[in-house]
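In: Structure here, sequence nowhere to be found:
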Ligand code: KG4
Ligand code: ZN
């Protein structure tokens, strides 16, 4: 069975052809560059760029997969959560193609896609497991009882981890997206140079807005020159604070829920310091970690196709009046 995946919930226009559950025949991602000079995603510009790119990205996905449009059996498309104006572009495109080809389509929760990216990376993974989704829009800890049966056990109370990377990068004078910039800048920095706070939040929830404010006050107090003299140390100190929170909460939840596998996905999961630290600390607790390869961590359509495939296979269909959702829970 061939599923076309379409993802346009933020600033990546993406399409993928997936064969059955895990066979990625193509996975095309066009990352919009238009936002970098604004230090964050501008929703209006994102929608316009999706409009400009969607036809060529889908064409390329079909061509790289060496198939023709009539070979497709179904379409899986992100219907939320995300920027509504952006989701509408992919959703309307999927509806039109479904109508024209007379094949079904299903709306997919983007967060379920991030869970499925781990299952794409390792088809042998066995639920129950715990999934940490860390991206620009989300920081969620999800207990996966079985595919399709999820319990969100923790979330951020304010900023997402990736959002904190992006905002602090801006304070440091680095460009968007901030995560990779901070990781690069931190490579030879001292992580104990500045002691930024780790929020103490009950249960498995996270909070990153206090950390962002602490960085702001620190820079105000020390003056602009500290950025030039100690950018590497400041980047490393901030990154360490985020990683401490993520690792601490994820492993606490994994132990309490008695799972033996922890998956980590979403853009922030590309961070090599997080990957290393989580893997080492989890191993000490006899927990196995699974990080998808970076092209599956960041937003992509293969993960949307993978999440949609079992739905399409079991006969699930979305109606032509399916709405886009800015917010959506698992
Ligand atoms: O999953 P994603 O591509 O899109 C969303 O659904 O948000 O994640 C993008 C986020 C951005 O905030 C970006 O700064 C962050 O992931 N990110 C990173 C790294 N690479 C991307 N954060 C920390 N370290 C990285 N290496
Ligand atoms: Zn995402």
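Out: Done, it's in. Nothing here was measured: the structure is a model prediction, and the numbers come from that model. Ligands and ions are numbered 1, 2, ... in the order given.

In: Residue numbers of this protein in contact with ligand 1?
Out: 10, 135-137, 162, 165-166, 177-180, 183, 266-268, 270-271, 298-299 (C-beta under 6 Å from any ligand atom). All C-beta atoms are positioned from the backbone trio N, CA, C, and that covers glycine.

In: now, which of those residues lie close to ligand 2?
Out: The subset of these within reach of ligand 2, by C-beta under 5 Å from the ion, is 135, 299.

In: In three-state terms, label residue 203 for me.
Out: Under DSSP: H, G, I helix; E, B strand; the rest coil, residue 203 falls in the coil class.

In: In the stretch 151-300 of the chain, what residue spans correspond to strands?
Out: Secondary structure of the stretch 151-300 of the chain, counting by DSSP state E, counting those that start in this stretch: strands at 261-265, 288-290.

In: Closest residue of the stretch 101-250 of the chain to ligand 1?
Out: Proximity of the stretch 101-250 of the chain to ligand 1 (C-beta to the nearest ligand atom) peaks at residue 179, 2.0 Å away.

In: which residues are there in this structure that come within reach of ligand 2?
Out: Residues of the chain lying near ligand 2 (C-beta under 5 Å from the ion): 135, 299.

In: re the thing from before, show me what contacts the residue of the stretch 101-250 of the chain closest to ligand 1?
Out: 162, 165, 166, 169, 267, 268, 270, 271 (C-beta atoms under 8 Å, 6 or more residues apart in numbering).

In: surely the first one meets residue 133?
Out: No - with contact taken as C-beta atoms under 8 Å, residue 162 and residue 133 are classed as non-touching, separated by 10.3 Å.

In: what sits in contact with each of the two?
Out: Contacts common to residue 162 and residue 133, judged by C-beta under 8 Å, 6+ apart, are 139, 266.

In: more neighbours, those two?
Out: Taking neighbours as other C-beta atoms under 10 Å, residue 162 and residue 133 compare with residue 133 leading, 30 against 26.

In: where's that one relative to residue 168, distance?
Out: Taking C-beta to C-beta, to the nearest Å as the measure, residue 133 falls 20 Å from residue 168.

In: can you check residue 32 too?
Out: For residue 32, the distance to residue 168 - C-beta to C-beta - is 22 Å.

In: More neighbours: the two, which one.
Out: Neighbour totals were compared for residue 32 and residue 168, and residue 168 leads with 29 against 20 (other C-beta under 10 Å).

In: OK, contacts around that one?
Out: 178, 182, 211, 212, 215, 238.

In: Among those residues, which ones are in helices?
Out: In this view, the contacts of residue 168 that belong to helices under DSSP state H are 178, 182, 211, 212, 215, 238.

In: which residues touch the closest residue to residue 266 other than its chain neighbours?
Out: Nearest residue to residue 266, sequence neighbours excluded (C-beta to C-beta, 6 or more residues apart in numbering): residue 135, at 3.4 Å. Neighbouring residues of residue 135 by C-beta under 8 Å, 6+ apart: 114, 160, 161, 162, 266, 267, 268, 299.

In: now swap in residue 6 and tell me
Out: Here residue 6 is in contact with 14-15, 54, 58, 75-78, 90, 93-94, 301, 304 (criterion: C-beta under 8 Å, 6+ apart).

In: Which members of those residues are the farthest-apart pair?
Out: Among the contacts of residue 6, the pair separated by the greatest distance (C-beta to C-beta) is 54 and 76, at 15.0 Å.
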